[in-house]
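1. Here is the input, now give the coordinates:
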Amino acid sequence: MMASSGTLEKKRPWAWCAWVLALIICGCTPTLVRFPWAFPLIMALGLIPLVMTCFIPSVMLDYSLMVMLCLIFREYFFQDDVTLYLPLLAMILVTTGHRTGARLVPVASLIMVVIVRLAGYWSGLTLLHHIFTAASAFMLAVDLCTAIHKPRGLSSLKKVDVLLCSYSGNTGHFARQFTDSLKGIKVIVHRFHYYKSFRAKFNGQGLVLAFPVIGWRMPWPLLAYLIKGLPRSEGKTAFILSTAGGGPENAGFLAWLLLSLKGYTVKGCCWGVYPLNVVPFRIGPRGMYRFLDSLLPRRADLAMAETAAGEFSRGMPAGNAVTIFPFPLVFLGMLLDNPWLNAIIYRNYVWKRRCMKCGLCIRFCPAERLGAREDGYPFPRGTCALCLGCINLCPGNAMHMYCCSEYGNPYPPKFPEYVVKDREHLEAQRLHGEGQ
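-> Modelled structure (predicted):
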């Protein structure tokens with residue numbers, strides 16, 4: 001159910017208290033770093049305001065990853081150098097400040113971080129110092145743009161387009177939690193699956209972008225579409241939904257950047273922790289993964305999506321703020337997963353003694369890579385979307401990828417009703433409203 005306006009307003013005082021506490025912690029950091037136990041103390045103190053406002057698995061995982069980055073690069077900074085803590089402090093400030101919905105909060109947060117940075121070292125700066133400082137500055141700047149930029153036509157938000165990319169069904173399920181809470185708003189879902197023939201007209205006053213995180217960013221076909229195919233907007237409002245088995249790193253920021261360059265006003269983002277569906281990483285007993293898959297998604301993440309939908313429909317800063325990590329794994333993802341490399345490196349093959357020649361993998365493939373030989377067995381040609389759907393959906397566990405999936409466990413979709421199995425059933429996979 002969508003959170004009512006009264007429920008949203010009740011959360012504001014807690015958000016204000018958490019943001020003020022985060023501001024105090026940020027201001028005390030230049031003093032705390034002088035003590036030998038500063039690192040665990042700042043990590044523990046920073047967790048308190050987040051628990052007060054966003055005690056959900058996705059935010060806690062983001063915070064844990066940020067702490068891990070600080071721990072990894074700690075030896076490259078002086079013990080009393082506040083620059084090490086800047087991304088962590090910026091994340092706490094934007095996360096708690098975003099929940100207040102006030103336009104002046106990002107300005108105050110930016111001023112506080114600038115004051116803290118001025119208290120740090122200014123001699124002997126390395127590339128890491130500049131990366132940590134830039135990540136913090138961009139994070140606060142994005143939050144400021146989200147707060148002060150008012151999209152056009154917000155008072156007449158009657159129809160919303162959903163650009164949905166979902167291979168295993170996880171993102172489709174998460175998007176359904178969001179769209180079901182857009183009460184009184186017509187939702188038009190455009191399934192981005194067979195990307196070569198994808199055509200869509202976005203006539204709504206808002207856009208919701210939903211995608212799985214693959215290689216620390218959205219799938220490369222969707223990335224290419226956002227760059228080349230997505231029509232420009234005249235200030236329409238937008239929201240970002242994503243799912244991942246681990247931290248999405250800078251996937252949200254990349255989506256924010258592309259939508260902003262297309263003229264959209266992004267009001268926030270939200271991601272959910274879903275079962276890991278990457279076959280090479282699912283190593284171990286199958287019973288263990290059946291148990292782990294049953295634990296996700298958590299109700300708290302789904303409730304956040306429902307609450308974000310209510311905020312988005314009211315024109316408020318919705319969901320969570322965009323987090324920027326000072327470790328650009330997104331570029332590594334682009335190097336390891338792209339249409340040119342995928343056509344050469346990632347090669348499918350089939351175990352003939354297991355293959356039932358059902359053709360499910362051929363009909364599903366979003367890149368239309370798989371074809372059928374004369375004997376009925378599938379074979380690869382062209383590039384790969386690296387969705388691993390052909391492996392996960394194969395009923396006989398016959399489809400594999402060389403040196404990649406042989407020792408992992410396939411992920412049987414937990415939400416098969418959101419999986420596009422062929423073109424004929426694409427219309428039946430629409431969440432509600434009209435689709436592709």
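
2. Tell me how many other residues crowd residue 389.
-> When neighbours are defined as other Cβ atoms under 10 Å, residue 389 has 25 of them. The way it works is simple: take the backbone N, C-alpha and C, and place the C-beta from them, glycine included.

3. likewise residue 175?
-> Residue 175 has 28 neighbours, counted by other Cβ under 10 Å.

4. For the helix or strand it falls within, what is the distance to the chain centroid?
-> In this assignment (DSSP states H and E), residue 175 forms part of helix 170-179. Relative to its chain's centre, helix 170-179 lies at 13 Å (Cα atoms, centre = their mean, to the nearest Å).

5. list the contacts for the residue nearest to residue 21 when sequence neighbours are not counted?
-> Leaving aside its chain neighbours, residue 21 sits nearest to residue 49 (4.8 Å; criterion: Cβ to Cβ, 6 or more residues apart in numbering). Contacts for residue 49 were tallied using Cβ atoms under 8 Å, 6 or more residues apart in numbering; they are 18-19, 21-22, 25, 92, 96.

6. so which of those would you say is closest to residue 103?
-> residue 19 (13.2 Å; Cβ to Cβ).

7. Please, which helix or strand holds the residue nearest to that closest one when sequence neighbours are not counted?
-> Closest residue in space to residue 19, ignoring its immediate chain neighbours: residue 96 at 4.2 Å, by Cβ to Cβ, 6+ apart. In the assignment (DSSP H and E), residue 96 maps to helix 86-100.

8. Could you list every helix and strand in contact with that helix?
-> Packing partners of helix 86-100 (3 or more Cβ pairs under 8 Å, 6 or more residues apart in numbering; DSSP states H and E): helix 5-32, helix 38-53, helix 57-72, helix 105-118, helix 127-148.

9. was I right about residue 300 contacting residue 55?
-> Yes - Residue 300 lies in contact with residue 55 (Cβ atoms under 8 Å); the separation is 7.1 Å.

10. which of those two has more neighbours?
-> Using other Cβ under 10 Å as the criterion, residue 300 and residue 55 rank with residue 300 on top: 16 against 11.

11. Could you report the separation of the more buried one from residue 124?
-> Per Cβ to Cβ, to the nearest Å, residue 300 is found 43 Å from residue 124.

12. before we move on, the earlier item: now the helices and strands packed on helix 86-100 in JSON lines, please, with extra columns for mean pLDDT and distance to residue 165.
-> Putting the helices and strands packed on helix 86-100 into JSON lines (pLDDT from 0 to 100; distance: least, Cβ to Cβ, whole Å) gives the following:
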{"stretch": "helix 5-32", "mean pLDDT": "82", "distance to residue 165": "29"}
{"stretch": "helix 38-53", "mean pLDDT": "94", "distance to residue 165": "29"}
{"stretch": "helix 57-72", "mean pLDDT": "94", "distance to residue 165": "19"}
{"stretch": "helix 105-118", "mean pLDDT": "94", "distance to residue 165": "30"}
{"stretch": "helix 127-148", "mean pLDDT": "91", "distance to residue 165": "22"}
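
13. Contacts only, for residue 126.
-> By Cβ under 8 Å, 6+ apart, the residues touching residue 126 are residue 76.

14. Helix or strand: which one has residue 400?
-> Using DSSP H and E, residue 400 falls within strand 399-401.

15. Please apply the same query to residue 303.
-> helix 299-313.

16. Only the buried residues of that helix, if you could.
-> Judged by neighbour count using 16 or more other Cβ atoms under 10 Å, the buried positions of helix 299-313 are 300-302, 304-313.

17. packing partners for the strand holding residue 400?
-> Under the contact definition 3+ Cβ pairs under 8 Å, 6+ apart, strand 399-401 sits against strand 348-350, helix 389-393.

18. Around the closest residue to residue 249 other than its chain neighbours, count how many other residues there are.
-> Leaving aside its sequence neighbours, residue 249 sits nearest to residue 216 (Cβ to Cβ, 6+ apart; 4.4 Å). Residue 216 has 24 neighbours, counted by other Cβ under 10 Å.

19. Which secondary structure state does residue 224 sit in?
-> At residue 224, secondary structure determined by DSSP: H, G, I helix; E, B strand; the rest coil is helix.

20. Tell me how far it lies from residue 168.
-> For residue 224 relative to residue 168 (Cβ to Cβ), the value is 21 Å.

21. who's more crowded, those two?
-> Neighbours per residue, other Cβ under 10 Å: of residue 224 and residue 168, the larger number sits with residue 168, 26 against 14.

22. Was I right to think the more buried one contacts residue 413?
-> Yes - the criterion here is Cβ under 8 Å, and residue 168 meets it with residue 413 at 5.2 Å.

23. okay, and the common contacts of these two?
-> With Cβ under 8 Å, 6+ apart as the test, residue 168 and residue 413 both reach 392, 419.

24. got a list of what residue 270 touches?
-> Contacts for residue 270 (Cβ under 8 Å, 6+ apart) come out as 58, 178, 239-242, 304-305, 308, 318-320.

25. Swap in 6 Å and give it another go.
-> 241, 304-305, 308, 319-320 (Cβ atoms under 6 Å, 6 or more residues apart in numbering).

26. Among those residues, which one sits closest to residue 367?
-> Closest approach between the contacts of residue 270 and residue 367, by Cβ to Cβ: residue 241, at 22.9 Å.

27. So for that closest one, what's the nearest residue that isn't a sequence neighbour?
-> residue 210 (4.0 Å).

28. List the buried residues of stretch 71-85.
-> Result for stretch 71-85 [16+ other Cβ under 10 Å]: buried residues 77, 80-85.

29. what's in contact with it?
-> Residues outside stretch 71-85 that contact it (Cβ under 6 Å, 6+ apart) are 29-30, 33-34, 42, 70, 116, 119-121, 128-129, 132.

30. How far away from the center of its chain is that stretch?
-> Offset of stretch 71-85 from its chain centre (Cα atoms, centre = their mean): 27 Å.

31. and if you look at stretch 23-36?
-> Its chain's C-alpha centre lies 31 Å from the corresponding centre of stretch 23-36 when counted by Cα atoms, centre = their mean.

32. What are the buried residues along it?
-> Across stretch 23-36, burial judged by 16+ other Cβ under 10 Å covers 23, 25-26, 29-30, 32-33.
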